[in-house]
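Colleague: Quick check, what structure comes out for this input:
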Amino acid sequence: MSSTVQPADSATSTGTTTTSNPNDDGMSWWYKWLCKIAGVLGGISCAIAGIWNCVTVNPLNIAAGVWMVLNAFVLFLCEVPFCCQFIEFANAVAARADKLRPWQKAFFYCGMAIFPVFLSISFTTLFGNAIAFATGVLYGLASLGKKGEGVGYARLQHQKPGDEEKLTGTTDGLAQ
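Modeller: The predicted structure is shown next:
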């Protein structure tokens, strides 16, 4: 006599689970990697341009350069924490950064990239922060979500204006 054990919930036995991952932000794996690679390239460009920007006597250029080097450090810390293994709190910061929503990362990265430009507008600050700003833009685009369904949108475009009132059951803003 053989006994078989049935799964506890029937949703997993049919293969259709409806539970959502709380860490899932709607980004595909390749888009996450694209954002991480852009973050690494942004960190490299900020670091190089920031060091180059510090080689001057103008105090605003030096302040912008130091800020750019700090931007590079934060980008490396949030996007690729294995590059900062010698820092004790790197994994904790990276785990907290991974919990942020894409629009929060976008706001944070774009804000970090704009500040040195306000301090000192120069070729070095503009192009040094461009990739870091682009990383924020990529995260901002991810916060908009996936592309809408084309068929549903096409149906909405071909409906007559009166059809919407029939669908909602209202005319002149009053419910029937």
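Colleague: And the contacts of the helix or strand hosting Leu77?
Modeller: Using DSSP states H and E, Leu77 sits in helix 59-79. Helix 59-79 has contacts (C-beta atoms under 8 Å, 6 or more residues apart in numbering) with 35-36, 39-40, 42-44, 46-47, 49-54, 56, 83-84, 87, 90, 93-94, 97, 105, 109, 112-113, 115-117, 119-120, 122, 124-125, 128-129, 132, 135. Quick note: C-beta positions are derived from backbone N, CA and C, even for glycine.
Colleague: Can you tell me the number of residues neighbouring Tyr31?
Modeller: 16 (other C-beta atoms under 10 Å).
Colleague: Ok, Arg101 next?
Modeller: For Arg101, using other C-beta under 10 Å, the count is 13.
Colleague: before we move on, what about Gln157?
Modeller: For Gln157, using other C-beta under 10 Å, the count is 7.
Colleague: Tell me the predicted confidence for it.
Modeller: What the model reports as pLDDT for Gln157 is 71.
Colleague: so where does it fall, helix or strand?
Modeller: With DSSP H and E as criterion, Gln157 is part of helix 150-158.
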